[in-house]
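**Student:** Predicted coordinates and the sequence they were generated for:
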Amino acid sequence: MLNTADWPAIAAAQARDAGARLPFYIADGGQARRTGSVARAHLPALDDGRLLATFERAAARFWGTLTFGAHCNGYLADAHGRPTHLWIARRSFTKPTDPGLLDNLVGGGVPHGQSPFDCVRREGWEEAGLSDAESDLRSIKLKRRVKGSEPPPAHHPPD
């Protein structure tokens, strides 16, 4: 399991792997909070593992900055603990991004100061109303995307 102390080292390693220097936009440095219907969370801008600033998550794509996501998949297991059925969620048809498409059970962006594990717990509560006991998280893995291995563009079914 990762803890928040691991965050700077992981982010710095991913930045080096991508061959990128992270540009940054200085924001007010607050933790995740809700403003109207838009979730606001701050991400770190690092230079050789040293925190330079935090900035608004919504600006990440504009600046071309690396971000982290944490996702949770659910399954049913047989008596031996082997997965037999995978749970698949469908995104709300009123969601502004990818409405109606299939998705993870819960997931989202990992803000500064939060581990991926804690992010999944928070998203489980926000998206599905799951308490820590109900979510029963048992395993977490860090997956690193290798430059050049991006998946093909998402398929959007015709109207």
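**Tutor:** Thanks, I have the structure now.

**Student:** going forward, measure contacts and count neighbours with C-alpha atoms only.
**Tutor:** Noted.

**Student:** just the strands in this protein please.
**Tutor:** 33-35, 38-40, 42-47, 50-56, 69-72, 74-77, 83-87, 89-90, 102-103, 106-109 (DSSP state E).

**Student:** tally of neighbours for residue 107?
**Tutor:** 21 (other C-alpha atoms under 10 Å).

**Student:** start at 585 instead
**Tutor:** All set: I'll call the first residue 585, so the last point we hit is now residue 691.

**Student:** who does it bridge with?
**Tutor:** Per DSSP bridges, the residues bridged to residue 691 are residue 655.

**Student:** my guess is it meets residue 706, correct?
**Tutor:** No: at 9.0 Å, residue 691 and residue 706 do not qualify as touching, with contact defined as C-alpha atoms under 8 Å.

**Student:** Spatially nearest residue to residue 668, not counting backbone neighbours?
**Tutor:** Leaving aside its chain neighbours, residue 668 sits nearest to residue 661 (5.3 Å; criterion: C-alpha to C-alpha, 6 or more residues apart in numbering).

**Student:** Just grab the bridge partners of the one you found for me.
**Tutor:** Assigned bridge partners for residue 661, using DSSP bridges, are residue 667.

**Student:** tell me the pLDDT at residue 706?
**Tutor:** Looking at residue 706, its pLDDT is 87.

**Student:** Also the one 4 residues further on?
**Tutor:** With respect to pLDDT, residue 710 scores 85.

**Student:** Please report the distance of it from residue 689.
**Tutor:** Distance of residue 710 to residue 689, given as C-alpha to C-alpha, to the nearest Å: 12 Å.

**Student:** So the two - more neighbours on which side?
**Tutor:** For residue 710 and residue 689, the more surrounded residue by other C-alpha under 10 Å is residue 689, and the numbers stand at 18 against 13.

**Student:** how close does that one sit to residue 634?
**Tutor:** Taking C-alpha to C-alpha, one finds residue 689 at 34 Å from residue 634.
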